[in-house]
Every structure is written in C-alpha cells, then in structure tokens.
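Undergrad: Here is a sequence together with a model predicted from it:
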Amino acid sequence: MPTLKTAQANRFSRISGIGGYRSELTVTNDDIVGPIDSSDEWIQQRTGIITRHRADKDVQVLDMAEEAANEAIANAGLKPADIDGILIATVTFSIPTPSAASALTARLGTGDVPAWDISAACAGYCYGIAQADALVRSGVMDNVLVIGAEKLSDYIDPTDRSISFLLGDGAGAVVVSASETPGIAKSVWGSKGENWETIRLTNSFLALKEDPSTPFPTLRQEGPSVFRWAVWDMAEVAKQALVEAGIEASDLAAFVPHQANMRIIDELAKQLKLPESVIVGRDIADNGNTSAASIPLATERLLREHPELHGGLALQIGFGAGLVYGAQVVVLP
C-alpha cells in the first residue's frame, strides 16, 4: 500500500501579534444600578468593576472582530493574505449559521481560507489557542487568526442581579504562527456538563417561535455555585497547566485569567502562590466581563502598559458556561 503524504510535523507555534477593540461607550455602575436596586459601592465590593464598555447598537460582533483582527495581523508583521485560517470564539453572533468567521474572511481579504466559530463561552479564546497550536505544529497551517468577540449587551436583562451588571462588549485577537522554538505549551481543557445550566439563557429561541409573547432570551447565572467552581476547581486546572509547561509559578511574567470577577482573580492568584513579580491582568475593573474577548483584551492591555512583558511567560485560563475551561502557558508576543 502506498504511504500517504502528510503535513510537516514536529514544529512549534507562538503568538506573533495581538490586537484589541474596546467600545468608546463607557457605562458606569451608577448608570445601571437603578433597575437592580443596587449601588456603585455594592458592585465594586462584589466584582471589582468600576466601568464596562458596551457597543453602540449599530456595532456588531463582526465589526469588533474585524478591528481587533486587523491590528493583530499588522502587529504580527503580516498581511491578510498570509492568514491560513480564522477561528472566532463567540456566543453572541446574531445568527447560528453561517459562521462569523466565514464572513470575516471577505472583510479581511484573506481569500478562501478555512474559518469557523467556537462556542465555548468564556473559555472560547483558550479553546481557540489550543486548536491553532495543534494546526500550526502539525504543519496544516502557518498563521492562524484567533479572535474572541462578544456583544453581551444584546443578551442583558437590566433588572437581573445575577450577571447583567458584570457584562461588557469587545474583541481581542492574536495570530498564532509557526516558530523555531516553543511558544505555546500543552493546553489543559475540558468541560463539566453536569453543571451545564449554571450559566445559561433564560429560554430558547425556538420558544419565541412557538409563542411570540415569550421574553427574549437573556443571560443568568447561579453566582455562588459558579464562584466556588471558578476559585477551587480552576486553581487546580491552572496548576496543571504549569505542570504541562514544565515551569513553576515563579517563572511567570504574567497571569491572565478570564476577567469574570476581581475576587475570583485575586483568589486564583493566591491559590497559585504567585510572587509579586508576576503581573496579574485586571482589565475587568474598567472593561467588565467580555466572555471570550476578556483574555486577549487583558493581555493586549498588559503589553501596552508593561512593555517589559514582551517575550515573557504568561499563564492564561478561561472558564465559563458549559461549564467549560481551558488553560495554557504562552510566550507573550
């Protein structure tokens, strides 16, 4: 039997460029506390959020993804034609099919490259990095565009006290490219389906079809359960990601967790026993929880504010609805 020809294997991957999009519309706690009978002090104490960015009604997921993608491609020193594949992590694209990623190929001018969406909520970006890493290392692609883009404000009930006040909009993007040295360690990822409904929409879109009087689906979460899972279980996932990378916490330059809640971020840093030298991403204070966009946005901000981090090691971990999670150590571009 003839031997099949396969793609080049046994290579490495790295993040070669990063970009972000933040809406110019800033929403303060005072702007939203009325319908939830709350206060700026209560929100800051429970979440660490001072403001969040939300997109104008005319700005859609694709618009934000395009802005972030163009910046990432340029920062990687590439052109759209150099991109071999596009992955968009999102749960807020307005239609289930066709994908946001396929539409983005035409907007960016990448040509007829493979493109698909990832529905893994707040872990979506880390899922995308895991897939891009495998595609590049196997030789299937040389440059993969990974984007996290969310317009969560479309799915907010302003009277909801469980999650609505946390959420913002935005997009972050990176290019994962072939590398002569390792730039992305083995990913630790998974799902805990028995807790599938802990973060969810209030009802299905099919319910609207059957009964037009059904309220539009909006997001809800079981806060205490999610908090405990995020703090205790995700600390173990983060520790395992360090093991897979073959490093200690003291080797890190940065820690960039999903921007879900400042108390969760602080507790994870404590559980990992991070030394003071490790800079922790805390973009949530100004940008809110942007789901799949939160890690690349927080990373982009850290690199702008701390240029000394370029080339350092960062542990990133995403976790959210599903319940899904993903983590890996990466070399910062």
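TA: Done, it's in.

Undergrad: wait, what's in contact with the residue lying closest to Phe205 once chain neighbours are set aside?
TA: By the measure of CB to CB, 6 or more residues apart in numbering, the closest residue to Phe205 outside its immediate chain neighbours is Pro217, 6.4 Å from it. Where you see a C-beta, it was placed from the backbone N, CA and C, and this is true even at glycine. Contact criterion CB atoms under 8 Å, 6 or more residues apart in numbering gives Tyr155, Leu201, Thr202, Asn203, Ser204, Phe205, Ala207, Leu208 as the residues in contact with Pro217.

Undergrad: hang on, isn't Asp30 packed against Glu41?
TA: No. Counting by CB atoms under 8 Å, no contact exists between Asp30 and Glu41, whose distance comes to 10.5 Å.

Undergrad: still on that earlier bit, tell me which two in the contacts of Pro217 are the farthest apart.
TA: In terms of CB to CB, these reach their longest pairwise distance at Tyr155 and Ala207, which sit 14.7 Å apart.

Undergrad: Between those two, tell me which one has more neighbours.
TA: Using other CB atoms under 10 Å, the more surrounded residue of Tyr155 and Ala207 is Tyr155, with 19 against 14.

Undergrad: Look at that one and report its pLDDT.
TA: Predicted confidence (pLDDT) at Tyr155: the value is 96.

Undergrad: Give the buried residues for stretch 194-208.
TA: Thr198, Ile199, Leu201 (16 or more other CB atoms under 10 Å).

Undergrad: would a markdown table of the residues you listed with secondary structure be doable?
TA: Putting the buried residues of stretch 194-208 into a markdown table (DSSP: H, G, I helix; E, B strand; the rest coil) gives the following:
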| residue | secondary structure |
| --- | --- |
| Thr198 | helix |
| Ile199 | strand |
| Leu201 | strand |
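
Undergrad: mind listing what Val91 touches?
TA: Applying CB under 8 Å, 6+ apart, we find Val91 in contact with Ser119, Ala121, Gly124, Glu150, Ser291, Ala292, Ala321.

Undergrad: Buried members of the residues you listed into ChimeraX, please.
TA: Buried members of these can be picked out in ChimeraX with the line below, counting by 16+ other CB under 10 Å:
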select :121,124,150,291,292,321
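
Undergrad: ok, the contacts of Val91 vs Val226, which is closest?
TA: So of these, ranked by how close each gets to Val226 (CB to CB), first place is Ala321, at 9.1 Å.

Undergrad: so that closest one touches Ser119, yeah?
TA: No. In this structure Ala321 lies outside contact range of Ser119 using CB under 8 Å: 9.3 Å.

Undergrad: Least confident secondary structure element in the protein?
TA: Taking mean pLDDT, DSSP states H and E as the measure, helix 205-210 is the helix or strand of the chain with the lowest mean score, a mean of 89.

Undergrad: List of residues touching the next helix or strand after that helix?
TA: Elements were assigned by DSSP states H and E; along the chain past helix 205-210, the next helix or strand is strand 219-221. The set of residues external to strand 219-221 that reach it, using CB under 8 Å, 6+ apart, is 152, 155-157, 160, 162-164, 167, 198-202.

Undergrad: Export those residues as JSON lines, with columns for secondary structure.
TA: Compiled in JSON lines, the contacts of strand 219-221 are given as follows (three-state DSSP):
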{"residue": "Leu152", "secondary structure": "helix"}
{"residue": "Tyr155", "secondary structure": "helix"}
{"residue": "Ile156", "secondary structure": "coil"}
{"residue": "Asp157", "secondary structure": "coil"}
{"residue": "Asp160", "secondary structure": "coil"}
{"residue": "Ser162", "secondary structure": "coil"}
{"residue": "Ile163", "secondary structure": "coil"}
{"residue": "Ser164", "secondary structure": "helix"}
{"residue": "Leu167", "secondary structure": "strand"}
{"residue": "Thr198", "secondary structure": "helix"}
{"residue": "Ile199", "secondary structure": "strand"}
{"residue": "Arg200", "secondary structure": "strand"}
{"residue": "Leu201", "secondary structure": "strand"}
{"residue": "Thr202", "secondary structure": "coil"}
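
Undergrad: Serialize the residues you listed to JSON lines and add fields for distance to Val237.
TA: Putting these into JSON lines (distance: CB to CB, whole Å) gives the following:
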{"residue": "Leu152", "distance to Val237": "23"}
{"residue": "Tyr155", "distance to Val237": "26"}
{"residue": "Ile156", "distance to Val237": "28"}
{"residue": "Asp157", "distance to Val237": "30"}
{"residue": "Asp160", "distance to Val237": "28"}
{"residue": "Ser162", "distance to Val237": "24"}
{"residue": "Ile163", "distance to Val237": "22"}
{"residue": "Ser164", "distance to Val237": "27"}
{"residue": "Leu167", "distance to Val237": "23"}
{"residue": "Thr198", "distance to Val237": "16"}
{"residue": "Ile199", "distance to Val237": "17"}
{"residue": "Arg200", "distance to Val237": "22"}
{"residue": "Leu201", "distance to Val237": "25"}
{"residue": "Thr202", "distance to Val237": "29"}
